[in-house]
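*Asks:* Provided below are the primary sequence and the corresponding predicted coordinates.
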Amino acid sequence: MKLSKIVSFLECDFQGNDIEIVGINTLKSAKEDEISFVSNSKYVKYLENTKAAAVIISENLASKLPTDCIPLVTKNPYWSMAELSKYFAPPIEDDTLATPQIGKNCSISPKAEIANGAVIGENCTILAHVYIGAKAVIGHDTILYPSVTIYRDCLVGNNCIIHANTVVGSDGFGFATNEKGEHKKIYQNGKVVIEDEVEIGSNVSIDRAVFGSTLIKKGTRIDNLVQIGHNCEIGEYSVLVSQVGIAGSSKLGRNVVMGGQSATAGHIEIAPFSTFAARSGITNSIKESGKTYAGFPLMGHRQWLKLQAKLARLLK
Amino acid sequence: MKLSKIVSFLECDFQGNDIEIVGINTLKSAKEDEISFVSNSKYVKYLENTKAAAVIISENLASKLPTDCIPLVTKNPYWSMAELSKYFAPPIEDDTLATPQIGKNCSISPKAEIANGAVIGENCTILAHVYIGAKAVIGHDTILYPSVTIYRDCLVGNNCIIHANTVVGSDGFGFATNEKGEHKKIYQNGKVVIEDEVEIGSNVSIDRAVFGSTLIKKGTRIDNLVQIGHNCEIGEYSVLVSQVGIAGSSKLGRNVVMGGQSATAGHIEIAPFSTFAARSGITNSIKESGKTYAGFPLMGHRQWLKLQAKLARLLK
Amino acid sequence: MKLSKIVSFLECDFQGNDIEIVGINTLKSAKEDEISFVSNSKYVKYLENTKAAAVIISENLASKLPTDCIPLVTKNPYWSMAELSKYFAPPIEDDTLATPQIGKNCSISPKAEIANGAVIGENCTILAHVYIGAKAVIGHDTILYPSVTIYRDCLVGNNCIIHANTVVGSDGFGFATNEKGEHKKIYQNGKVVIEDEVEIGSNVSIDRAVFGSTLIKKGTRIDNLVQIGHNCEIGEYSVLVSQVGIAGSSKLGRNVVMGGQSATAGHIEIAPFSTFAARSGITNSIKESGKTYAGFPLMGHRQWLKLQAKLARLLK
């Protein structure tokens, strides 16, 4: 999309060449043909080194951009980005794509729906009422149980098992809010990548990334009714017990174990081999690996036991 | 249904005209051609002004009814109401209804199922394995992702997006229990109304009302795996983060924000612009608007932080 | 499967007759033609009386077996059992089974999928996008709402109602982990049995047993988004409110009431007529029936109220 068209949507001006923009991305990840935005003071530090062709920005910050980066000044850059995201959203389905490509020895129910542009490997079992979206790719030897939904562009590896009614690639929970309290959707134009040998239970929700990928690494085990927000990364061989919630952009190292109903805040990092008791609430990053935690607020598991003993004594 | 037939189901008597009854409703909302019931002392105050044609009631309360309202005296009025609710339940599907009415420019998967009596507006996208029940109405420009289920009679507005495997209109959790501990279903003969510009994530459950409507107002954002009980009302532009639970008959004002895994008790009211931290447990109504809360039991967010600091000191 | 074949999979030896083994089971439940395993010191006491034909066991315990029971010595018996479980897993679907057997007066959507070998009773209503697996049995007068999935071998009783997108019989969360932190799936070769007059909400997950059955007894009421782990037993007329989680192998007596978002640990037993407030966390068995509890850690409900009052005072 030409920059001139973009500024017409955003109702702002620009100076410079009317270049072709192919997508929106973060300041840090944007390439030379992408546009970015800044709406949070935390990210101002990335302004000076961004490679983005143009950045949606408030007037007071525009001077911090590299000289070859075009400022697009608006009053509410986050709202503007939300507005623009719509125009970069691909169609949900696209009949002009090739008919689905299916590997050898698959068993695919005639009551499954495989959209044009999808690719399925060898020896897969796809049961009734499964949906596989446009350009989604399923590896070899993978089993999708009934009513599993894989949204467009998502990747599922080899030797995976996904249980019934699980959703891979629904939109992340993203929107801008204006001063009246109204919301505008931020289209989630990223995807989900599930690596090999992952097993996922029933009624799980894994959201697609706003940009880039939500990533579930090799060998992970996810129980039923788990929520994984957009742009999360779950390390190899991690174990997420039923009803766990991982908020957006959090990153778990390998072999992290989260007990039932435990949850993380967004944008945190958890060291490998960390273990969390049931219903732990993790609001800060965990840097040391191999420890066991409990409680909300989170503390060492032994500390939690000690606190409960103290509270019990309070009752006497 | 004639009153004479109703008393035959309930095994009780009545005095007065054998009038036609069209439904069951609360004491407060019942119209002149409806029947009501009283089973909870909280509602006795509504007896004197009810417009109901007849009320299922225990012997000791019958004298409190208006003179033109017919008492139907039974030992366990709640159980009797449950018994009667079955006879007012419409059929799940009804082939005698008109074939579905579909607006212009819709994209509807041949693998979706639209029941007779349903109405769909213009420019809608209905993906595979969606189910739209009898007399359900979908507005214009709305997207239903795969395996979304909209039960009979439910309404979805314009410009809504509902993600995969979400359920709108499943039965509320209603039953009467007798002295042996056995349960009898209360048929949920109400519906769900979702207003315009609402976006709902994947694997969400929104229950239909027992009478009347469960209501999701304009512009609300609901994340994945959220539970909304029967007869709830969610105010405009509210934000319900993943794994939130709203118990039956609770009412949220506009722009209420509920953090992940937070929950409300039933039958409470929450003032507009209230914000609740993740895992808040709200058991009483909130009357003042614009405040921030945390914890279970609920307290002001700053108080909660202070309490956690005190508890941490207890450990030293 | 001949024992000689089994040892070739497990890369171990055996002495004795090359008998035919029909399945894997616990030490306590294994019959004369089944194989068992021991991997947890808690179960060593069952070694001396096991009827299993052979037991996968570590070298140091082999001498504790009855003389007619064949030891299969491996380094990691749990891992070996996981490896072997794969070979006893029945096919997901089996076209050589009889076409489905459907009772009189059923209403079955042509968009439902009933696998070969399934049996459906009389007067059932099976809506669109339902899946009923191989050898699954549905009783009389039962209603399955859209996108309900019943896995192979599972039983649903008479007069049951299961709401949309609920899953019965997905695999329990079972795997062995080796010293590198890698996981190996334990195939869940058991089933789910749902007795008569049970109503289950939408988006519920009920896992099949690893061996034997997960059991939901007569008249139970289960709300939306509830998790029931493998090998659980839910007593008659129990009430599980929305977002409850019951961890594997726990057993609830009759008329147990669990409030919203409450949960149990695995392998515990709860006495009949116990009541748990919303968000209770039950980590030990409850032996006395008829009491009310709250909190995590769990305590008597009145104690919990007292504790909260003390904490509130701490803030002053």
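*Replies:* Sure, I can see it. Residues are numbered from 1 along each chain as shown, chains lettered A, B, ... in the order given.

*Asks:* check contacts around residue A:226.
*Replies:* Contacts for residue A:226 (CB atoms under 8 Å, 6 or more residues apart in numbering or on different chains) come out as A:201, A:204, A:205, A:240, A:242, A:243, A:244, A:245, A:246. Yep, even glycine has a C-beta here, placed from its N, CA and C like the rest.

*Asks:* mean confidence for stretch A:247-256?
*Replies:* Mean per-residue pLDDT for stretch A:247-256: 98.

*Asks:* ends of it, what's the gap?
*Replies:* 15 Å (CA to CA, to the nearest Å).

*Asks:* what does the stretch 1-150 of chain A put close to chain B?
*Replies:* Residues of the stretch 1-150 of chain A found near chain B (CB under 8 Å from any CB of the partner chain) are A:92, A:93, A:111, A:113, A:129, A:131, A:147, A:149.

*Asks:* from the residues you listed, which land in strands?
*Replies:* A:113, A:131, A:149 (DSSP state E).

*Asks:* out of these, who's the most crowded?
*Replies:* Tallying neighbours with other CB atoms under 10 Å in any protein chain shown puts residue A:149 at the head of those, with 32 neighbours.

*Asks:* excluding chain neighbours, what is closest to that residue?
*Replies:* Distances taken as CB to CB, 6 or more residues apart in numbering or on different chains place residue B:164 nearest to residue A:149, at 3.9 Å, with adjacent residues excluded.

*Asks:* what about residue A:275, neighbour count?
*Replies:* Around residue A:275 there are 17 residues (other CB under 10 Å).

*Asks:* wait, it sits on residue A:253?
*Replies:* No: look at residue A:275 against residue A:253 with CB atoms under 8 Å: they stay out of range, at 11.7 Å.

*Asks:* which ones are touching residue A:53?
*Replies:* Listed by CB under 8 Å, 6+ apart, the contact set of residue A:53 reads A:3, A:19, A:21, A:30, A:32, A:33, A:34, A:35, A:69, A:70.

*Asks:* among those, who's most crowded?
*Replies:* Ranking those using other CB under 10 Å puts residue A:35 first, with 26 neighbours.

*Asks:* quick check, nearest of the ones in strands among the residues of the stretch 1-150 of chain A next to chain B to residue C:97?
*Replies:* Distance to residue C:97, by CB to CB, is smallest for residue A:113 among these, at 25.2 Å.

*Asks:* I figured that closest one hits residue B:130, correct?
*Replies:* No: assessed by CB under 8 Å, residue A:113 is found out of contact with residue B:130, at 10.7 Å.

*Asks:* before we move on, the earlier item: list the contacts of the residue nearest to residue A:149.
*Replies:* Taking CB under 8 Å, 6+ apart, we find residue B:164 in contact with A:131, A:149, A:151, A:167, A:170, B:145, B:146, B:147, B:148, B:202, B:203.

*Asks:* can I take it that it is in a helix?
*Replies:* No: Residue B:164: not assigned to a helix; according to DSSP: H, G, I helix; E, B strand; the rest coil it is coil.

*Asks:* now it. Its backbone dihedrals?
*Replies:* The phi and psi torsions at residue B:164 (degrees, to the nearest 10) take the values phi -60, psi 140.

*Asks:* and it, what pLDDT?
*Replies:* 98.

*Asks:* and for residue A:21?
*Replies:* 97.

*Asks:* kindly report the same for residue A:311.
*Replies:* 92.

*Asks:* that one and residue B:310, how far apart?
*Replies:* 12 Å (CB to CB, to the nearest Å).

*Asks:* more neighbours: these two, which one.
*Replies:* Higher neighbour count among residue A:311 and residue B:310: residue A:311, with 17 against 12, using other CB under 10 Å.

*Asks:* the more buried one belongs to a helix?
*Replies:* Yes: the assignment for residue A:311 by three-state DSSP puts it in a helix.

*Asks:* so it sits against residue C:308, correct?
*Replies:* No: with contacts counted by CB under 8 Å, residue A:311 stays clear of residue C:308, the gap being 10.6 Å.

*Asks:* follow-up on the earlier one: find residues that contact each of residue A:113 and residue B:130.
*Replies:* B:109, B:146.

*Asks:* out of the contacts of residue A:226, the closest to chain B would be?
*Replies:* Comparing those against chain B with CB to the nearest CB places residue A:205 closest, at 3.7 Å.

*Asks:* residue contacts, the residue lying closest to that closest one once chain neighbours are set aside?
*Replies:* Nearest residue to residue A:205 in three dimensions, chain neighbours excluded: residue B:224, at 3.7 Å (CB to CB, 6+ apart). By CB under 8 Å, 6+ apart, residue B:224 lies in contact with A:167, A:170, A:173, A:205, A:207, A:227, B:163, B:201-204, B:242-243.

*Asks:* cool, thanks, talk later.
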